[in-house]
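1. okay, sequence plus prediction incoming.
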Amino acid sequence: LAALHVLAALGGQNQPLSLFAADFERYAASGEINSTVADATAKVAEVRAAFPEATFDELDGMTVQLADGSWFNLRASNTEPLLRLNVEAPKPDRMAVLRDEVLGIVRG
């Protein structure tokens with residue numbers, strides 16, 4: 001279905017897909033980072049408390065949306081004593097700062 005939407009969007013363009021896609025912003029992504037923790041619930045609560053200005057969604061772990069467009073998801077593994085972190089931000093340096101801030105709490 002997604003491919004059909006792409007084809008429909010391209011239908012009205014006189015440029016190749018590579019030029020069309022260049023107009024869309026790309027986010028810097030951390031990839032999944034696993035951290036061994038003794039108490040995942042306590043660490044998630046600690047991270048949540050560190051971002052009082054954020055918007056939270058707890059559908060799949062805890063997704064934290066920040067005002068600058070950056071976001072991260074922190075969720076417990078169902079099979080191992082791990083927290084899994086994924087971070088995305090508009091710029092690579094912002095992603096690295098946010099990743100390191102969250103990991104500092106999780107691993108601290």
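-> Nice, thanks for sending it over.

2. can you give me the helices in the chain?
-> 2-11, 17-22, 40-49, 92-107 (DSSP state H).

3. and the ones you listed as a markdown table, adding distance to residue 74?
-> To be clear about C-beta, it is placed using only N, CA and C from the backbone, and glycine gets the same treatment. Output for those, formatted as a markdown table (distance: least, Cβ to Cβ, whole Å):
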| stretch | distance to residue 74 |
| --- | --- |
| helix 2-11 | 27 |
| helix 17-22 | 30 |
| helix 40-49 | 6 |
| helix 92-107 | 7 |
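
4. per-residue pLDDT, residue 24?
-> On the pLDDT scale, residue 24 is placed at 72.

5. quick one on the thing from earlier: just give me the lowest mean pLDDT stretch among the helices of the chain.
-> Taking the mean pLDDT of these, helix 17-22 comes last: a mean of 75.

6. show me what contacts the closest residue to residue 62 other than its chain neighbours?
-> Nearest in space to residue 62, with sequence neighbours left out and distances taken as Cβ to Cβ, 6 or more residues apart in numbering, is residue 74 at 5.1 Å. If you count contacts by Cβ atoms under 8 Å, 6 or more residues apart in numbering, residue 74 has them with 44, 47, 61-62, 64, 83-85, 102, 106.

7. and if you look at residue 63?
-> 56-57, 71-73.

8. most distant residue from the centre of this structure?
-> residue 14 (33.4 Å; Cα atoms, centre = their mean).

9. average pLDDT for the top strand by length along the chain, rounded please.
-> Assignment by DSSP state E gives strand 82-89 as the longest strand of the chain. When pLDDT is averaged over strand 82-89, the result is 98.

10. output it as CSV, restricted to C-alpha atoms.
-> Extracted in CSV, the C-alpha atoms of strand 82-89 (Å, rounded to 0.1, in the frame of the first residue of the first chain):
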residue,chain,number,x,y,z
LEU,A,82,17.2,-5.4,29.3
LEU,A,83,15.9,-2.0,28.4
ARG,A,84,15.9,-1.3,24.7
LEU,A,85,16.4,2.3,23.6
ASN,A,86,15.8,3.9,20.2
VAL,A,87,16.4,7.6,19.7
GLU,A,88,15.7,9.9,16.7
ALA,A,89,16.4,13.6,16.2
